[in-house]
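>>> model this:
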Amino acid sequence: MPDPKARTDRLAMRRRRASFVVILAAGLLAAIAWSLQAGSSPGTPRPGASPSATPGNAGSSGIASPQATASGGAQTPNVYQGIMGPSLSPKVAGDPTYVYVPNGVPGTVEVIDPATFKIVRTIHLGYRTFPEHVTPSWDLRWLYVDTSAASELAVIDPKTGKLVRTIHNIEHPYNLYFSPDGSVAIDVAEYYNQLRFYDPTTWKLIKAVPMPCNGPDHLDFSATGTFLVMGCEFDGNVIKVDWKAMKVLGKVNVGGLPVDVKLSPDGRYFYVGNQGTSGVSVIDATTLKQVKFIHTGSGAHGMAISRNTKYLYLTNRLAGTISVISFAQQKVVHTWNVGGSPDMVQISPDGTQLWETNRYGTTVTVVDTSDGHIIQQIQVGADPHGLTYFPQPGTYSLGHNGVYR
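Next comes the predicted model:
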């Protein structure tokens with residue numbers, strides 16, 4: 001009988017090669033053109049990046065105001081009120097501030113002190129175990145390293161920054177999420193086209209649910225927390241799932257290669273980064289219909305919310321740029337040339353820095369959110385992916401590489 005670990009290892013490598021070739025073939029010419037024209041935005045100040053900006057107001061145009069009418073007709077506050085800071089949850093009081101960077105090929109996690117940009121520790125998980133993301137637990141107590149090819153979660157204690165144990169038999173965890181009430185852990189088993197629901201205390205499997213798509217990837221939850229919306233990287237589908245009932249509610253095909261998903265602050269729209277169409281599909285959270293497309297750059301991939309919640313940062317992995325999208329205007333307001341292959345991103349607790357991994361390289365880039373200039377590049381291992389900056393403002397974690405509410 002074939003070794004399951006070897007099988008997942010081969011699947012992981014096949015997926016990386018296929019993803020790179022498909023995206024590169026589709027977007028190389030667009031990447032060159034976009035890179036040439038995108039050089040004018042760096043250096044243009046962007047006000048409101050820090051938490052000193054007026055809280056609770058994502059803009060005055062009415063397009064995506066936090067007080068706009070949300071799904072179901074009820075008035076809703078800013079769903080990201082809890083991340084605006086600068087205060088941290090009492091749960092993380094005393095936790096040292098580190099950036100944790102998983103490196104796929106060497107199977108390591110580098111622990112970086114963001115004050116000095118120095119690596120203070122390297123955690124070894126095994127060559128080609130492919131740690132994909134570092135995921136804060138729902139209660140902010142642990143950091144789980146989604147060690148995909150080994151079908152394990154490596155557990156880091158953020159109070160020490162050290163590996164403390166390993167949870168076995170979590171089937172191919174490419175991504176890990178938690179329900180908004182913390183009752184369920186959701187393993188996105190991308191290579192098997194499944195969502196696998198676990199008890200987050202015992203880590204016993206509750207149910208494995210097949211997804212009607214190819215390559216389930218990143219997701220986010222609705223404002224009410226009753227359902228999730230997920231991009232499927234390899235067939236253009238976006239899926240709606242009732243996580244309590246553990247069943248699919250519907251889907252929409254937006255084409256291309258949809259990856260990361262972020263809910264707008266008012267809860268009305270899901271923004272879906274699409275590597276294949278070089279931009280963002282804006283999907284109505286009620287009807288699941290695409291209502292707008294925002295062009296950004298080739299290889300549109302990872303997302304993060306600005307500390308004042310006015311802006312969405314989006315990496316364009318092939319273009320080597322970062323797009324700053326205004327939620328109020330639903331358009332790109334700045335494009336920053338950062339080079340490399342920017343992938344997953346995190347914002348510093350004070351909102352002044354954006355940290356991103358260069359997926360096809362061996363570095364992490366630190367960007368100033370006031371104007372997009374590069375502050376620092378840090379040498380890490382090969383194939384760096386879903387880094388997390390911990391601790392962060394937020395009441396609880398929805399998972400991934402640090403998505404908070």
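
>>> any idea of the pLDDT on Arg17?
As predicted, Arg17 sits at a pLDDT of 43.

>>> again with the one 3 residues further on
As summarised for this prediction, Phe20 has a pLDDT of 44.

>>> Same check on Ile23?
49.

>>> Also the one 10 residues further on?
If you check Ala33, the pLDDT there is 39.

>>> what's the burial count for Gly250?
By other Cβ atoms under 10 Å, the residues close to Gly250 number 14. In short, each C-beta sits where N, CA and C put it, glycine included.

>>> Can you classify Val252 as helix, strand or coil?
strand (DSSP: H, G, I helix; E, B strand; the rest coil).

>>> is it true that it touches Gly231?
No - contact status for Val252 versus Gly231: not in contact, 10.8 Å apart, counting by Cβ atoms under 8 Å.

>>> Between the two, which contacts overlap?
Counting by Cβ atoms under 8 Å, 6 or more residues apart in numbering, the contacts common to Val252 and Gly231 are Val238.

>>> Pick out whichever of those two has more residues nearby.
Gly231 (28 against 19).

>>> Contact partners for the more buried one?
Pro216, Asp217, His218, Leu219, Val238, Pro258, Val259, Asp260, Val261, Val272, Gly273, Asn274.

>>> Assess the claim that the second one and Tyr174 are in contact.
When you say that, I think you mean Asp217. Yes - with contacts counted by Cβ under 8 Å, Asp217 reaches Tyr174, the gap being 7.4 Å.

>>> ok, so what distance separates Thr116 from Pro391?
To Pro391, Thr116 is 18 Å away according to Cβ to Cβ, to the nearest Å.

>>> okay, the two: which has more neighbours?
Taking other Cβ under 10 Å, Thr116 and Pro391 do not tie; Pro391 has more neighbours (22 against 9).

>>> per-residue confidence at that one?
98.

>>> ditto for Leu125
According to the prediction, Leu125 has pLDDT 97.

>>> if I read this right, it contacts Glu132, doesn't it?
No - contact criterion Cβ under 8 Å: Leu125 and Glu132 do not qualify, at 11.2 Å.

>>> Give me the common contacts of those two.
Thr147.

>>> circling back: tell me, what's touching Asp217 and Tyr174 both at once?
With Cβ under 8 Å, 6+ apart as the test, Asp217 and Tyr174 both reach Val188, Glu190.

>>> higher neighbour count, these two?
Taking other Cβ under 10 Å, Asp217 and Tyr174 do not tie; Tyr174 has more neighbours (23 against 19).

>>> residues in contact with that one?
Neighbours of Tyr174 in contact, by Cβ under 8 Å, 6+ apart: Glu132, Asp146, Ser148, Val188, Ala189, Glu190, Tyr191, Asp217.

>>> Looking at stretch 103-110 now, give me its mean pLDDT.
Stretch 103-110 comes out at a mean pLDDT of 97.

>>> Residues contacting it, please?
Under Cβ under 8 Å, 6+ apart, the answer for stretch 103-110 is 12, 16, 100-102, 119, 121-132, 134, 145, 147, 154, 156, 163, 380-385.

>>> Quick check: the gap between Asn337 and Met344.
19 Å.

>>> More neighbours: which of these two?
Taking other Cβ under 10 Å, Asn337 and Met344 do not tie; Met344 has more neighbours (29 against 19).

>>> I'd say the more buried one and Glu356 touch.
Yes - in this structure, Met344 is within contact of Glu356 by Cβ under 8 Å, at 6.8 Å.

>>> Now list whatever residues contact both of these two.
The contact lists of Met344 and Glu356 share Gly302, Thr315, Leu387, where a contact means Cβ under 8 Å, 6+ apart.

>>> Now for Thr315: which residues touch it?
Contacts of Thr315 by Cβ under 8 Å, 6+ apart are Gly299, Ala300, His301, Gly302, Met303, Thr321, Ile322, Pro342, Asp343, Met344, Val345, Glu356.

>>> just Phe270 next, same as before
By Cβ under 8 Å, 6+ apart, the neighbours of Phe270 are Asp220, Val229, Val238, Val261, Lys262, Leu263, Ser264, Val282, Ile283, Ala285.

>>> thinking again about what came up before, looking at the contacts of Gly231, which is nearest Thr395?
Thr395 has its nearest neighbour among these in Leu219, at 19.2 Å by Cβ to Cβ.

>>> quick revisit: tell me which two in the contacts of Thr315 are the farthest apart.
Maximum distance among those (Cβ to Cβ): 15.2 Å, for Thr321 and Met344.

>>> picking up where we left off before, among the contacts of Thr315, which ones are in strands?
Ala300, His301, Gly302, Met303, Thr321, Ile322, Pro342, Asp343, Met344, Val345, Glu356 (DSSP state E).

>>> quick one: which of these has the most company?
Busiest of the ones in strands among the contacts of Thr315 [other Cβ under 10 Å] is Ala300, holding 33 neighbours.

>>> Setting aside sequence neighbours, what's the nearest residue to that one?
Excluding the flanking residues, the one nearest Ala300 by Cβ to Cβ, 6 or more residues apart in numbering is Gly273, at 4.5 Å.

>>> what about the one you found, how many neighbours?
31.

>>> and it, what are its bridge partners?
Val280 (DSSP bridges).

>>> distance of it from Ile283?
12 Å.

>>> what do you get for Gly394?
Gly394 is 24 Å from Ile283, by Cβ to Cβ.

>>> and what of Thr357?
26 Å.

>>> quick one: which of the two has more around it?
Using other Cβ under 10 Å, the more surrounded residue of Thr357 and Ile283 is Thr357, with 28 against 24.

>>> ok, so what distance separates that one from Ala223?
Taken as Cβ to Cβ, the span from Thr357 to Ala223 is 29 Å.

>>> lowest average confidence, helix or strand, in this protein?
One helix or strand of the chain scores below all others by mean pLDDT, DSSP states H and E: helix 4-37, with a mean of 43.

>>> Can you pull the phi/psi pair for Asp220?
Main-chain torsions, Asp220, degrees, to the nearest 10: phi -150, psi 160.

>>> Kindly indicate whether Tyr191 is helix, strand or coil.
The three-state label given to Tyr191 by three-state DSSP is helix.
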